[in-house]
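**Q** pasting the sequence and the predicted model now:
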Amino acid sequence: MTKKWIKEDIMKLIEQRKSIRTFEERPLTEADRKEIRDFLESSENPFHVKVEFRFLESLENTTNLGTYGVIKGASSYLGAMVKDGPLALEALGYEMERLMLFLVSKNIGTCWLGGTFKREDFKEAMVVPEGYLFPAITPVGYEKVEKSLTDRLVRFIAKGNQRKPFEELFFKDSFQNSYPKEDKNLLSDLLEMVRLGPSASNKQPWRILVEDHVVHFYEKKTPRYSDAFPYDIQRLDLGIAACHFHLGALERNLQGEFITMGDGEKDLGKETLYRFSYLFK
């Protein structure tokens with residue numbers, strides 16, 4: 001997987017990424033549109049699932065495509081859809097986060113939207129086939145310095161800049177032992193990249209178990225959080241976690257592959273589910 005678009009290190013892009021909800025009321029330049037289209041043409045994910053993106057045009061005060069007032073000023077959106085199947089949502093989460101990090105490098109603002117957009121309206125514009133999932137969109141545009149009141153309120157409620165402690169998320173050999181965070185340790189660095197990832201309502205559902213040369217990704221589901229959706233929306237967050245981990249590994253020339261290995265560790269409770277593993281070569 002190529003990383004030729006990266007001009008800064010992955011950690012720097014992860015740290016710079018933030019949710020933009022108030023945009024300048026001007027369209028993307030043609031040059032930026034072309035760069036985005038070129039990037040999407042070569043978009044890929046390590047789960048080998050095809051994800052499709054669409055440019056969507058909308059002005060909330062002139063059309064019925066809306067985001068319940070959460071997004072202000074944006075006229076362009078990117079929607080993502082994927083055929084339902086194993087690791088479909090994880091693949092979409094991976095590719096969409098990879099796209100967002102690319103846009104950070106271009107000073108173009110984005111914001112993950114999973115539950116705060118009028119799905120049926122955007123679904124019609126996306127032309128979603130039967131059997132496909134359409135779980136997320138992002139506005140794309142240029143950040144406005146002066147924030148809207150809604151933006152400030154959502155940012156305060158979400159507390160998106162706060163993350164769980166390292167020792168609550170990452171474990172070694174069993175879920176009874178926290179993974180030791182060490183300076184200048186490659187795996188610690190990759191796990192920190194995961195810790196800093198965005199997630200729906202900042203729930204941070206990823207849990208990672210490290211065993212020898214294998215890193216297991218688990219989802220700690222938030223009870224009833226996905227009840228409003230026909231799918232587990234927190235699986236997108238596992239895709240984001242995989243994206244940060246994988247891009248960091250590639251940057252450090254660490255080779256490996258994502259695989260599935262049975263059902264994972266037992267007796268973790270019904271809300272903690274094994275999803276996939278990364279096997280270092």
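**A** Received it, and whenever you're ready, just let me know what you need. Residues are numbered from 1 along each chain as shown.
**Q** tell me the domain ranges of the protein?
**A** 10-158, 166-280 (automatic domain parsing).
**Q** how far does the longest one sit from the chain's center?
**A** Which is domain 10-158. Relative to its chain's centre, domain 10-158 lies at 10 Å (C-alpha atoms, centre = their mean, to the nearest Å).
**Q** before we move on, back to that, got the domains of the chain as a markdown table, with mean pLDDT and mean neighbour count columns?
**A** Heads up, the C-betas are built off the backbone N, CA and C, glycines and all. Converted to a markdown table, the domains of the chain look like this (pLDDT from 0 to 100; neighbours: other C-beta atoms under 10 Å):
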| stretch | mean pLDDT | mean neighbour count |
| --- | --- | --- |
| domain 10-158 | 86 | 18 |
| domain 166-280 | 93 | 17 |
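**Q** for Tyr218, give its distance to Ser174.
**A** Distance, Tyr218 to Ser174, by C-beta to C-beta, to the nearest Å: 12 Å.
**Q** touching both of these two, which residues are there?
**A** 209, 265 (C-beta atoms under 8 Å, 6 or more residues apart in numbering).
**Q** what is the helix or strand hosting Ile208 packed up against?
**A** Ile208 belongs to strand 206-211 when assigned by DSSP states H and E. With contacts taken as 3 or more C-beta pairs under 8 Å, 6 or more residues apart in numbering; DSSP states H and E, strand 206-211 sits against strand 170-172, helix 186-195, strand 214-220, helix 235-251.
**Q** now with 6 Å?
**A** The helices and strands touching strand 206-211, judged by 3 or more C-beta pairs under 6 Å, 6 or more residues apart in numbering; DSSP states H and E, are strand 170-172, strand 214-220.
**Q** which residues are contacting the shortest one?
**A** Judged by C-beta atoms under 6 Å, 6 or more residues apart in numbering, the contacts made with strand 170-172 from elsewhere in the structure are 177-179, 191, 208-210.
**Q** before we move on, back to that, out of the helices and strands packed on strand 206-211, nearest to Pro139?
**A** strand 214-220 (26.7 Å; C-beta to C-beta).
**Q** sheet partners, orientation included, of that closest one?
**A** If you go by DSSP bridges, strand 214-220 pairs up with strand 206-211 (antiparallel), strand 272-280 (antiparallel).
**Q** please enumerate residues in contact with that strand?
**A** By C-beta under 6 Å, 6+ apart, the surrounding residues in contact with strand 214-220 are 205, 207-209, 238, 272-279.
**Q** keeping just the C-alphas, turn it into CSV.
**A** Only the C-alpha atoms of strand 214-220 are listed here, as CSV (Å, rounded to 0.1, in the frame of the first residue of the first chain):
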residue,chain,number,x,y,z
VAL,A,214,0.3,-11.0,16.8
VAL,A,215,-1.8,-8.0,17.7
HIS,A,216,-5.5,-8.8,18.3
PHE,A,217,-8.2,-6.2,17.9
TYR,A,218,-11.3,-6.4,20.0
GLU,A,219,-14.4,-4.3,20.1
LYS,A,220,-15.8,-3.3,23.5
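**Q** and it with helix 186-195, angle?
**A** In terms of direction (axes from the mean of the first three to the mean of the last three C-alpha atoms, to 10 degrees), strand 214-220 departs from helix 186-195 by 20 degrees.
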